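Chemist: My questions concern the predicted model and sequence given below.
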Amino acid sequence: MDRTRRARLSSFGLLPAVILAVGVLAYFTFRTTFQIEKLRQQSVLEASLGLATEKADRLDKRIVEEDNVIIAIADPADLTALTERWLPTAQRETPTVRAILVLDEANDVLAFASRATGAWGEEEAFRRLLVARMAFDMDRAAMPDGELRHLHKVYGGQSYLLSYWERSWSGRRYFVVAWHDIGRIVKYALPSLYAETSGGGANQTPASRVNVVDDEGRIIFGPPLRSGQFTVGVRFPTTLYDWRLQVSPTASEELATSVQNRRLLELAMVVMSSLVMVAGVAIILVAAERERRTSALKSEFVANVSHELKTPLALVRMFAEMLQSGRVASEAKRQEYLDIIVNESERLTNLIENVLDFARVERGRGSYEFADGDVGAAVARAANVYRYRAEREGVELAVDVAPRLPPAWIDERALQLAVINLVDNALKYAPDGKTVAVKVTPEDDAIAIRVTDRGPGVPADDRRRIFERFVRGSNASSSAADGGAPRPVRGSGIGLALVKHIAESHGGRTYVEDGEGPGATFVIVLPARKAPPSGAKAAREGADEEPAAADRVERDGGVGRAGPQRGS
């Protein structure tokens, strides 16, 4: 009792500790919030840097989008159609790309497509410059196939931007180069991305917030930023990496206010989180107390049952030993001792039956419900539960149901449960790319259900034992698809025992036979009947150890449980 009381006090003592911790957290949060004025400059810096980075990423993203269009067009397998495939949509989809070239490993130009008209001298000069100098400045060593890279460099006082990537075809390497027109980027792309306005209506005027400069500080785009403002500059990440984009916020007060509002929002979130934390801890403590009480009731129940079992068992043993030793005064005493043994045995039996009935109610165990059913349709529905999982695991699930099967008295849900166990078992042992076959055929006055896999098979010594509870076969591992070592498969050893119980409850049987090639075939044979079998309402012992087939569909369309194991 003292130990229980101490455990209860320690559990409820956790709540004040959590409340105290939340109070300390809230104190330091408020203290930090009151110091926000001292952090204004740093906040503006962070906001300006984030803005500059986001603006620089915009241009990179636009150029890369155009490069992706060229990647789809420039096919080394059909270089002759490069111009016809590109030019009709070039103005709309790749406005900054001036020319596309395809080189081989020796830097010979295999294909050349250009948007220039009447400027073939410039195109030829660029072509010679590419072969003579630019190709050697490209980082093409160990370049993965299809990886996009860029070259931004000044040649002869002129800035060039090239996008290039490798393509392989027929065992040869090709390099596709897209020449981006810097003039078009400056004239069209930068204004569309970075032009900002102030004022409203017809009086809108450019706002001096963004410009682009080269390595020497010369302005490429945009006006000079006003002196005295806090300016942040970042390089373009992958494309025009020799240039910098500069941002000078003109509304630092607004930015600081925004940062302060964000801090207040974070503070409110901390307070809400603290309240949720306290409520959660309280709920956990209440649930723990309820669980403790439930556990205590279970312990008390077990103790009472043990005591009730021990008393009649001790009496039975004592009087049996007296009869065995011959220490009986008279025949009347002998009969009295026998009556006591019988009565206490009946008492013991009733007690055990009560416990089992209680367990069945707790587990939801029911009885079989036999009816005239279609075995083939039931098997097909059960196998289809695993159709998505088989496709996901690269295993072909083939279902073959013979036509005109004889009728049978079956519990459809129980039969589906047995088939689900066998199919799940087969899928776990089937190597990737192999087939799991489910076949239903008539055999004399019976119906045979066969589930065949291409796994490691079942040794002859294990074929009877694997249908016993909690027994796993010595070959409980799945075959590796690539010929490697088999991988172990986990299991509890109750699935096949359940299959056997269901088959026998239907008046049938189950066994294992060799498959066609590697693997094994699990067979369920059910009798074809014209009348209900005896014991149609017999208790389904063990059926509660696996859920009904209708409850087996997992969240992503397969089966959400740890299924039976090969001789598990």
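Modeler: Nice, thanks for sending it over.
Chemist: mind listing the helices for the stretch 251-400 of the chain?
Modeler: 252-325, 331-363, 375-384, 387-392 (DSSP state H, counting those that start in this stretch).
Chemist: Least confident of those, on average?
Modeler: When the helices of the stretch 251-400 of the chain are ranked by mean pLDDT, helix 331-363 comes last with a mean of 68.
Chemist: quick one, domains of this structure?
Modeler: 199-252, 256-363, 371-551 (automatic domain parsing).
Chemist: Dihedrals phi and psi, E105?
Modeler: Dihedral pair for E105: phi -70, psi -20, per degrees, to the nearest 10.
Chemist: In this structure it contacts R172, no?
Modeler: Yes - the pair E105 and R172 qualifies as a contact (C-beta atoms under 8 Å) at a distance of 7.5 Å. C-beta: built from backbone N, CA, C; applies to glycine.
Chemist: Surely A528 is in contact with R404?
Modeler: No - counting by C-beta under 8 Å, A528 sits too far from R404 to count as a contact (11.8 Å).
Chemist: Now for those two: what residues contact both?
Modeler: P442 (C-beta atoms under 8 Å, 6 or more residues apart in numbering).
Chemist: and S274, how many residues sit next to it?
Modeler: 18 (other C-beta atoms under 10 Å).
Chemist: Please tell me how far the residue nearest to it when sequence neighbours are not counted sits from L427.
Modeler: If the residues on either side of it in the chain are set aside, S274 comes closest to V22, at 4.1 Å by C-beta to C-beta, 6 or more residues apart in numbering. With distances taken as C-beta to C-beta, to the nearest Å, V22 is found 49 Å from L427.
Chemist: Show me which of the two is the more surrounded one.
Modeler: L427 (22 against 18).
Chemist: So for the more buried one, what's the pLDDT?
Modeler: Predicted confidence (pLDDT) for L427: 81.
Chemist: Compare A528 and R404 (neighbour count), which wins?
Modeler: Legend: neighbour count by other C-beta under 10 Å for A528 and R404, higher for A528 (16 against 6).
Chemist: residues in contact with F126?
Modeler: F126 makes contacts with A99, W179, as judged by C-beta under 8 Å, 6+ apart.
Chemist: Tell me if it really is in a helix.
Modeler: Yes - counting by DSSP: H, G, I helix; E, B strand; the rest coil, one finds F126 located in a helix.
Chemist: after the worst-scoring helix or strand of the chain on mean pLDDT, next one along is what?
Modeler: Using mean pLDDT, DSSP states H and E, the weakest-scoring helix or strand in the chain turns out to be strand 205-206, at a mean of 40. Next in sequence after strand 205-206, counting helices and strands by DSSP states H and E, comes strand 210-213.
Chemist: other SSEs contacting that next one?
Modeler: With contacts taken as 3 or more C-beta pairs under 8 Å, 6 or more residues apart in numbering; DSSP states H and E, strand 210-213 sits against helix 190-194, strand 219-221, strand 244-247.
Chemist: Flag the shaky bits of the stretch 51-200 of the chain, pLDDT-wise.
Modeler: Where the stretch 51-200 of the chain drops to pLDDT under 70, the residues are 118-119, 196-200.
Chemist: what ranges do the strands span in it?
Modeler: 97-103, 109-114, 149-155, 158-169, 172-180, 197-198 (DSSP state E, counting those that start in this stretch).
Chemist: out of the ones you listed, nearest to A408?
Modeler: Each of the strands of the stretch 51-200 of the chain has some distance to A408 by C-beta to C-beta; the shortest is strand 158-169, at 60.0 Å.
Chemist: Look up the residues forming beta bridges with the residue nearest to E391 when sequence neighbours are not counted.
Modeler: Distance criterion C-beta to C-beta, 6+ apart; nearest residue to E391, sequence neighbours excluded, is L397 at 7.9 Å. Beta bridges link L397 to V436 when assigned by DSSP bridges.
Chemist: so L397 makes contact with Y388?
Modeler: No - with contacts counted by C-beta under 8 Å, L397 stays clear of Y388, the gap being 9.6 Å.
Chemist: And these two? Which one has more around it.
Modeler: The neighbour comparison of L397 against Y388 (other C-beta under 10 Å) goes to L397, with 21 against 16.
Chemist: helix/strand/coil for I447?
Modeler: Secondary structure for I447, judged by three-state DSSP, is strand.
Chemist: Next, count neighbours for it.
Modeler: 24.
Chemist: Return the residues in contact with it.
Modeler: Counting by C-beta under 8 Å, 6+ apart, I447 makes contact with V375, L405, P406, A408, V440, T441, V525, L526, P527, A528.
Chemist: Could you check the pLDDT of it?
Modeler: If you check I447, the pLDDT there is 93.
Chemist: in the sheet, who's paired with it?
Modeler: The partner residues for I447, given DSSP bridges, come to P442, L526.
Chemist: what's the spacing between it and I524?
Modeler: From I447 to I524 the distance is 9 Å (C-beta to C-beta).
Chemist: quick one: R62 and L193 touch, right?
Modeler: Yes - counting by C-beta under 8 Å, L193 is a contact partner of R62 at 7.1 Å.
Chemist: Can you work out which residues contact both of these two?
Modeler: With C-beta under 8 Å, 6+ apart, R62 and L193 have no common neighbours.
Chemist: Just the buried residues of stretch 95-115, please?
Modeler: Residues of stretch 95-115 classed as buried: 95-103, 111-115 (neighbour count, 16 or more other C-beta atoms under 10 Å).
Chemist: Enumerate every residue touching the residue nearest to S274.
Modeler: V22 sits in contact with S274, M277, V278, where contact means C-beta under 8 Å, 6+ apart.
Chemist: again, only using 10 Å
Modeler: Shown in contact with V22 (C-beta atoms under 10 Å, 6 or more residues apart in numbering): V270, V271, S273, S274, L275, M277, V278, V281.
Chemist: Apply the buried test to those and list what passes.
Modeler: Among these, those classed as buried by 16+ other C-beta under 10 Å are V270, S274, V281.
Chemist: Tabulate those residues in CSV, adding columns for distance to F221.
Modeler: Shown next, in CSV, are the buried ones among the contacts of V22 (distance: C-beta to C-beta, whole Å):
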residue, distance to F221
V270, 43
S274, 49
V281, 57
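Chemist: quick one: which of these is nearest G121?
Modeler: Closest approach between the buried ones among the contacts of V22 and G121, by C-beta to C-beta: V270, at 67.4 Å.
Chemist: isn't that closest one right up against L25?
Modeler: Yes - V270 is within contact range of L25, at 6.9 Å (criterion: C-beta atoms under 10 Å).
Chemist: ok now stretch 459-467, how far from the chain's centre?
Modeler: 36 Å (C-alpha atoms, centre = their mean, to the nearest Å).
Chemist: who's A99 bridged to?
Modeler: S114, W179.
Chemist: can you pull the contacts of it?
Modeler: Counting by C-beta under 10 Å, 6+ apart, A99 touches 86, 112-116, 122-123, 126-127, 130, 177-181.
Chemist: now it: how far from R327?
Modeler: To R327, A99 is 117 Å away according to C-beta to C-beta.
Chemist: same thing with F175?
Modeler: Distance from F175 to R327, by C-beta to C-beta: 107 Å.
Chemist: Give me the more crowded residue out of those two.
Modeler: Neighbours per residue, other C-beta under 10 Å: of F175 and R327, the larger number sits with F175, 20 against 9.
Chemist: so what's that one closest to, chain neighbours aside?
Modeler: F175 sits nearest to L103 (C-beta to C-beta, 6+ apart), 4.5 Å away.
Chemist: Could you check how far that neighbour is from Y174?
Modeler: Here the criterion is C-beta to C-beta. By it, L103 lies 7 Å from Y174.
Chemist: Please tell me how far the closest residue to L225 other than its chain neighbours sits from W120.
Modeler: Once flanking residues are discounted, L225 sits nearest to S248: 4.2 Å by C-beta to C-beta, 6+ apart. As for S248, its distance to W120 is 43 Å (criterion: C-beta to C-beta).
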